[in-house]
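S.K.: Mind folding the following:
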Amino acid sequence: MRKIFSLIFTVFVLCLCMSGCTSLTNTAGVSTATKITDDNQRVVTLKKIPERIVVLSPSFLELVEAVDGKVVGRAKTQLGKVPEFAKDAAEVGFIFNINVEKIVELKPDLVIAYKGMHERYLHTLESNNIPVIVLSLKSYDDVKHSLVVLGQVMHKEDQGKAMAEKLDKDIASTVSQLPKSERSVAILHTTNMGITLEKESSIAGCCAKLLKLHNVVQGATKAVSGPMGTQPDMAPYSLEDLLEKNPQVIFITSMGAKQDVEGKLKSEIMSNEAWNSIDAVKNNQVFFLPDELFLLNPGLHYPDAVRLMAAKLYPDIVKEKKND
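M.R.: All right, here's what the predicted structure looks like:
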């Protein structure tokens, strides 16, 4: 009798232990809890696969779609098109000015935030029991890394890795067509506030690096300030430095109305006779880059950005991809 009682007691205890883990397992007994280390080195525990995701940057939309995520909220964008799968998602403000109350109303089970921009919202969101993952999304490597992390979040890691490999293959297809000659490049970024030069860590700088171009300001350490604080992707601009470095190619990215940008360039740069002595200018190798690919991270369209830049440099070899 004592042995029977002991056996019953043991089974009872085991049942209690098993019932205590049900929130971390699905009906098949497979754990659905996931611990994610985000790009701010925060460990975020997700008790289940997210079903209601809010993204605080439109650049994350297609990455989430690539691993079958469901987006119920998104930041507004004035650049490019909103993917079809996210058009019905509620808008939660602009990327620089998020409406936290709107996010809370949506009751998401995950918010994806942009590193260096949305940290000020973390405390409020987490105090409302909303898990937040912070991801960096500037460079091409960031895009591939984010695909892998989001694959882990959705339990579709193989799917995320497969998409990252496809991006590598598409970019390699473009690069393999080009002659093996390194050219020097300067990337001017113009806004209503002034002109700066982009480093390799910027979107255009990263694309230039993938094309084996030598960025003339790489290694510059002097800080540049902007409306969001220090801008590590930018270096100070001066025509004297540009003349000294004498780039063979100049790309121009911009933020603001096209007419205002062109007016600033003509008045502050191109009106100076010294501008015409730069090799890039003399050889007609000055190119404007479109906002939709080079202002916000192009995400899954990084191969398109690389291809467009290559087509500017080698129009007889590479053709720009036509938008649908």
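
S.K.: other SSEs contacting the top strand by length along the chain?
M.R.: Ranked by residue count, the top strand of the chain under DSSP state E comes out as strand 184-191. Contact here means 3 or more C-beta pairs under 8 Å, 6 or more residues apart in numbering; DSSP states H and E; on that basis strand 184-191 packs against strand 194-198, helix 203-210, strand 214-215, helix 239-245, strand 249-254, helix 258-265. Yep, even glycine has a C-beta here, placed from its N, CA and C like the rest.

S.K.: Pick the most deeply packed of these.
M.R.: helix 203-210 (a mean of 24; mean count of other C-beta atoms under 10 Å).

S.K.: What is that one packed up against?
M.R.: Counting contacts by 3+ C-beta pairs under 8 Å, 6+ apart, helix 203-210 is packed against helix 140-153, strand 184-191, strand 214-215, strand 249-254, helix 291-294, helix 302-313.

S.K.: Now the element after the longest one, going C-ward?
M.R.: To tie it back to what came earlier, the one meant is helix 140-153. helix 157-175 (DSSP states H and E).

S.K.: List the buried residues in that following helix.
M.R.: Residues of helix 157-175 classed as buried: 157, 159, 160, 163, 164, 167, 170, 171, 174 (neighbour count, 16 or more other C-beta atoms under 10 Å).

S.K.: ditto for stretch 34-47
M.R.: 34, 36, 38, 39, 40, 44, 46.

S.K.: So which of these are in strands?
M.R.: Going by DSSP E, the strands hold 34, 36, 44, 46 from these.

S.K.: mind giving me CSV with these and columns for pLDDT and distance to residue 214?
M.R.: Compiled in CSV, those are given as follows (pLDDT from 0 to 100; distance: C-beta to C-beta, whole Å):
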residue, pLDDT, distance to residue 214
34, 90, 42
36, 95, 37
44, 96, 39
46, 95, 43
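
S.K.: Give me the neighbour count for residue 319.
M.R.: 12 (other C-beta atoms under 10 Å).

S.K.: oh sorry, the question was meant for residue 65
M.R.: 18.

S.K.: Spatially, what comes nearest to it if we skip its sequence neighbours?
M.R.: In space, residue 65 comes closest to residue 85 once its chain neighbours are excluded; the distance is 5.3 Å by C-beta to C-beta, 6 or more residues apart in numbering.

S.K.: mind checking how far stretch 146-164 is from the chain centre?
M.R.: Stretch 146-164 has its C-alpha centroid displaced from the chain centroid by 15 Å (C-alpha atoms, centre = their mean, to the nearest Å).

S.K.: now the end-to-end length of that stretch.
M.R.: 9 Å (C-alpha to C-alpha, to the nearest Å).

S.K.: And for stretch 190-208?
M.R.: First residue to last in stretch 190-208 (C-alpha to C-alpha) measures 18 Å.

S.K.: likewise stretch 170-189?
M.R.: End-to-end distance (C-alpha to C-alpha), stretch 170-189: 27 Å.

S.K.: quick check, nearest of the ones in strands among the buried residues of stretch 34-47 to residue 212?
M.R.: residue 36 (34.4 Å; C-beta to C-beta).

S.K.: what sits against that closest one?
M.R.: The neighbourhood of residue 36, defined by C-beta atoms under 8 Å, 6 or more residues apart in numbering, consists of 43, 44, 45, 46, 133, 149, 152, 153.

S.K.: what's the neighbour count on residue 138?
M.R.: The number of residues near residue 138, taken as other C-beta under 10 Å, comes to 19.

S.K.: So for it, what's the pLDDT?
M.R.: We have a pLDDT of 85 for residue 138.

S.K.: can you check the one 5 residues further on too?
M.R.: The per-residue pLDDT reported for residue 143 equals 96.

S.K.: May I have the phi/psi pair for residue 287?
M.R.: The phi/psi pair for residue 287 (degrees, to the nearest 10) reads phi -130, psi 140.

S.K.: The closest residue in space to it that isn't next to it in sequence and residue 142: what is the separation?
M.R.: Nearest residue to residue 287 in three dimensions, chain neighbours excluded: residue 312, at 4.4 Å (C-beta to C-beta, 6+ apart). The gap separating residue 312 from residue 142 is 24 Å, by C-beta to C-beta, to the nearest Å.

S.K.: No further questions, thank you.
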